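A.B. asks: Starting from these lines, generate the structure:
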Amino acid sequence: MAERVAVLLASLALVAGCGGPVAGSAKPVRLSDGDRAKFKEYYSQVNKAGDESASKQAQLLKDTQHPDFKQKTCDLRGATIKVEPTWTTLRMDADWAPPGEKAHPRGDVYVVAVTITLRQEDQAIGSQIGSLHVVLLDDEVYGFAPCLGG
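C.D. replies: This is a model prediction of the structure:
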């Protein structure tokens, strides 16, 4: 069990997309209150689904995966995540592409600093501060499902 926890904790950095500074320069976010509310609702739904069950959260992450990257979903192996964004850090990230990809996702890409807590059977087993990307495309919010390494 200790080995599994160590692997999950070590891989939290992958969940949060850590790996150094985020490329790009800070620009004022040009979001309407309605669009900002959509991002907040997206993370609220992710957390609510995780509170209900690992399978509900996995399905939500699959359903809200960016349409150009549907094949890139991952299995959290029965774990759930709780995402706590720091909304004052929300900004556009026009040059970002998902790891291993050369293409920028369609839509308006934003990045926000988050605290992610990894939970196994309602027990917090690790926490990481990092950043997550979300996209506003055709008036819908899409994300990129996190993956556990190891």
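A.B. asks: Report the buried residues of whatever helix or strand Gln128 lives in.
C.D. replies: Using DSSP states H and E, Gln128 sits within strand 123-137. By 16 or more other C-beta atoms under 10 Å, the buried positions in strand 123-137 come out as Ile125, Gly126, Gln128, Gly130, Ser131, Leu132, His133, Val134, Val135, Leu136, Leu137. In this view, the C-beta of every residue, glycine as well, is placed from N, C-alpha and C.
A.B. asks: biggest helix in the chain by residues?
C.D. replies: helix 33-52 (DSSP state H).
A.B. asks: Need the contact partners of it.
C.D. replies: With contacts defined as C-beta atoms under 8 Å, 6 or more residues apart in numbering, helix 33-52 is touched by 29, 31, 56-57, 59-61, 64, 80-83, 85, 87, 90, 110, 112, 119, 134, 136, 140-141, 143.
A.B. asks: Tell me what angle it forms with strand 123-137.
C.D. replies: Counting by axes from the mean of the first three to the mean of the last three C-alpha atoms, to 10 degrees, helix 33-52 lies at 150 degrees to strand 123-137.
A.B. asks: got the residue ranges for the helices in the protein?
C.D. replies: Taking DSSP H as the criterion, the chain carries its helices at 2-16, 33-52, 54-63.
A.B. asks: Averaged pLDDT, the second one. What do you get?
C.D. replies: Confidence over helix 33-52, taken as the mean pLDDT, stands at 96.
A.B. asks: roughly how far is that helix from the heart of the chain?
C.D. replies: Remark: helix 33-52 is offset 11 Å from the chain centroid, using C-alpha atoms, centre = their mean, to the nearest Å.
A.B. asks: ok, now the last one?
C.D. replies: Remark: helix 54-63 is offset 13 Å from the chain centroid, using C-alpha atoms, centre = their mean.
A.B. asks: Does that helix pack against any helices or strands, and if so which?
C.D. replies: Packing partners of helix 54-63 (3 or more C-beta pairs under 8 Å, 6 or more residues apart in numbering; DSSP states H and E): helix 33-52, strand 79-92.
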